[in-house]
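Participant: here is the input, now give the coordinates:
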Amino acid sequence: MIDRIYVIALVLLSVLFPQVRSALVVLIVPILFLAFLTLTVLFIFEALANVLAPKLQRDLITFRYKPKRAILRLIRHLGIDKPQEKAVLAEKAKSLAKAIQTVNLRHPHPFHGPIPESRLVTALNADLPADNQAFIRALQKAWINPKPDLSPGGLVLHFRSALGRPLFGRWLEIARKEMLYGAIHMVQSLRQNPEKPWMNQHWPAMELISVYEVFANRSGLARGLVSVEFCPSLLPLSYQRKLAALAAQLYGTPSQALLWRLLNPSFYRVLKEIAETRTKWEDWESERKKIEAPRLKKYCECESYRASGSLTPDEVTALVAEQAQDCILLNRLWPPGAATTGNSWLGGLPCLPPEMDWPRALRTNLPLHFLAQVDCAELPTLSGTSPLPRDGLLLFFSDLDEDRQSGNDAVIHVPKARENVPPRALPHDLPEINHSIAGLASSFNEPGLRHYPKWPVVPTAVKAWGGETEAEPKTLNNDYLDQSYAAQEANIAAVMPPPPNSTRMVDLFRRELQRDADGRFIRDADGKVFYSSFFDPEALSAGFPFCGAGIHAFVRRLELSAEKQARSAAEARKWLESDPYGTGKKPANAHAEAEEEETAARALADLARQAQKVLGDQPRLDPVPIETIKRLHEWLTSLAGTTERTRKEAVRFAVSSASLDLARAAVTDPGLFRALPAVVFEMHEAWLVPTPRHAQHLMLGPTQRKTN
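Facilitator: I've put the predicted structure just below:
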């Protein structure tokens, strides 16, 4: 509209004022002559291209002027007017992409620039049969953007860049720097308030990116924000001019912004709106910085304490003494078999009265997993006022799941009058631990695991130190953190047994080099040999599986391995039967992998049946006969000589896990404790013995930097 007003004003001036008319003639005649000369050269250039170029390229040249006719010709020449296979469509899309690249570089249009991808795709969408829409996706994937080389098209790009550098270079460079910064926040900081887009701290950079994307898309130069062609100087000169004008509105002085608005009359209104919005944004940004200033000051103060040496040794020592707080450690009972009359434990089952409902998750209404029971009468007295009740039981529940939902936790207080009830059985609909990750649960947990073994605890008063907190900036100091952590570890270690140092587990599982069916070492892509650990029955002189409970635990572990493998195979088969990406095609090795997992599941199930046949049945606490132990060792030795790695690993895991299950169960089962040899506990000391760095279950006191 403004351009038209300019033209009308010039006509009126030429009519009313003869002297102006003569001056306009002097100016307009050379301009008209240059325009005529340019159009003539362009016409000759296009005519030669239409004569010399191959048929497909001629259709693309025609697309610049008559897109409808050109698209129909393209579809007919490529033979995609009828349904085609995806592989065929992909090949034809590659040939078209190559032809487009050739036209852009050998037969460029000096004014319009390269063929825009968005324009061609839109035209194809309108006329391409629905069955061949895969052709468009293949074309977008195969699209080749023009490069500024020594071809005619490349020279045009060079010319744009060379001409735009003195005209718009400064503002284009500003735009480029700001866009590179804003691209990081483009996706995450999309305008949350469409009515007030300037209320975003990245608004100027995002405004530049959005305009550049439109210009570059029209010019066939852009393939997203991370495109190699993220270069404003390759745009057509008209787009470079508009982008420079926009950058001046966002980052220039008021006089510079006004000058660029006057140089772009057809773009004037948009630029003025941007300049006005910039004023609003600057006011909003200034107000936001005032509000954030105190928080920034606090942050800087906190950061100043992070470096080692920011506090003197005396200040660190005083801060450690000042930050110490009394708390209660739920100290696990050790050694197993020790007499305990307490009513507090981790895992196991809760003493929840029948009239009290088992707590459930808010969203799924599934029962929560039981964590721990604490008898308040056993809690030591701490200095100050305690928020805990003086008697009764505290029962802790939570959703033990990888995808935990907030609010899925519960603490129930059972009054003293109702605390002497038998442990409550688990609800029938209690889910497995890590239940939300479906088939992946087999990778993290054993099938059917719904609660952990019971382990008695003795509430003990200890000192503890919190982690870093902005409320006390000095606690961010690294020297303080090191000393407070060491002080807490030493304080807790004083009430715990000596640390474990057994090497029995290493002795039981020898390392062997893996060999193939021909006896050659199996190597990876880098030529390194593979090692595996296998159970050595001779190293365990006490006679695994020790008792009838050990037989059951060993066979059960083999069955669980088979069930895990079966779940994994089922998930692989389910994935094969689905088509999540709409490709209609799966990787060639996916079927083989699914069959391999199914074969492994059957082999492990057969292994569990063999183990049950070899071991037979035995009363739970009776020792296993010598003949049965020898038969088991012979069977395990025969397995170690095979090349079936799956079976070897399953046996190793079953022996280790079964003995650990026995040790855990023996903690609260005196009969089983007497039936097991001491070597069972020595094997798993690293897992069983309480240590300051493992399972620090603390009540009250400061918030811990680590929760296990």
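
Participant: what's the separation between the residue lying closest to residue 366 once chain neighbours are set aside and residue 357?
Facilitator: Counting by C-beta to C-beta, 6 or more residues apart in numbering, the nearest residue to residue 366 once its immediate chain neighbours are dropped is residue 431, at 5.2 Å. Where C-beta positions appear, they are placed from N, C-alpha and C, glycine not excepted. If you measure residue 431 against residue 357 using C-beta to C-beta, to the nearest Å, the figure is 17 Å.

Participant: lowest average confidence, helix or strand, in this structure?
Facilitator: Confidence across the helices and strands of the chain bottoms out at helix 441-444, with a mean of 45, counting by mean pLDDT, DSSP states H and E.

Participant: following it, which helix or strand shows up next?
Facilitator: strand 455-464 (DSSP states H and E).

Participant: low pLDDT regions in the stretch 101-250 of the chain?
Facilitator: Counting by pLDDT under 70, the stretch 101-250 of the chain contains low-confidence residues at 110-113, 181-194, 220-230.

Participant: repeat the analysis, applying 90 as the threshold.
Facilitator: Per-residue confidence of the stretch 101-250 of the chain (counting by pLDDT under 90) places the weak regions at 101-240.

Participant: with the stretch 501-650 of the chain instead?
Facilitator: Scanning the stretch 501-650 of the chain residue by residue, the ranges that satisfy pLDDT under 90 are 501-546, 560-608, 610-611, 614-618, 620, 623-650.

Participant: do a quick rundown of the helices in it.
Facilitator: Assigned helices in the stretch 501-650 of the chain, in chain order: 504-508, 548-577, 588-615, 626-640, 645-666 (criterion: DSSP state H, counting those that start in this stretch).

Participant: now residue 99, nearest residue through space, not along the chain?
Facilitator: residue 56 (4.7 Å).

Participant: what's downstream of the host helix or strand of the one you found, the next helix or strand?
Facilitator: In this assignment (DSSP H and E), residue 56 forms part of helix 55-63. Note on helix 55-63: by DSSP H and E, the next helix or strand toward the C-terminus is helix 67-78.

Participant: now do that following helix against helix 55-63, angle only.
Facilitator: 170 degrees (axes from the mean of the first three to the mean of the last three C-alpha atoms, to 10 degrees).

Participant: put the alpha carbons of helix 67-78 into PDB.
Facilitator: Extracted in PDB, the C-alpha atoms of helix 67-78 (Å, rounded to 0.1, in the frame of the first residue of the first chain):
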ATOM      1  CA  PRO A  67       3.800 -24.500 -11.000                       C
ATOM      2  CA  LYS A  68       0.500 -26.300 -11.600                       C
ATOM      3  CA  ARG A  69       1.400 -27.400 -15.200                       C
ATOM      4  CA  ALA A  70       5.000 -28.300 -14.100                       C
ATOM      5  CA  ILE A  71       3.800 -30.500 -11.200                       C
ATOM      6  CA  LEU A  72       1.500 -32.500 -13.500                       C
ATOM      7  CA  ARG A  73       4.300 -33.000 -15.900                       C
ATOM      8  CA  LEU A  74       6.700 -34.100 -13.100                       C
ATOM      9  CA  ILE A  75       4.300 -36.600 -11.800                       C
ATOM     10  CA  ARG A  76       3.700 -38.000 -15.300                       C
ATOM     11  CA  HIS A  77       7.400 -38.100 -16.300                       C
ATOM     12  CA  LEU A  78       8.400 -39.800 -13.000                       C
END
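
Participant: what's the angle between the helix or strand just after it and helix 67-78?
Facilitator: Using DSSP H and E, the helix or strand that directly follows helix 67-78 along the chain is helix 86-106. Calculated by the same axes, to 10 degrees, helix 86-106 forms an angle of 130 degrees with helix 67-78.

Participant: report the distance from helix 86-106 to the chain centre.
Facilitator: The chain centre lies 36 Å from the centre of helix 86-106; the measure is C-alpha atoms, centre = their mean, to the nearest Å.

Participant: now the element after that helix, going C-ward?
Facilitator: The C-terminal neighbour of helix 86-106 among helices and strands, as given by DSSP H and E, is helix 117-127.

Participant: quick one, that following helix and helix 67-78 angle?
Facilitator: For helix 117-127 against helix 67-78, the angle between stretch directions is 70 degrees (the same axes, to 10 degrees).

Participant: which residue packs closest to residue 371, ignoring adjacent ones?
Facilitator: In space, residue 371 comes closest to residue 396 once its chain neighbours are excluded; the distance is 4.3 Å by C-beta to C-beta, 6+ apart.

Participant: show me the contacts for that neighbour.
Facilitator: Applying C-beta atoms under 8 Å, 6 or more residues apart in numbering, we find residue 396 in contact with 370, 371, 372, 373, 374, 410, 411.

Participant: do residue 691 as well
Facilitator: Residues touching residue 691, when contacts are defined by C-beta under 8 Å, 6+ apart, comprise 493, 496, 499, 500.
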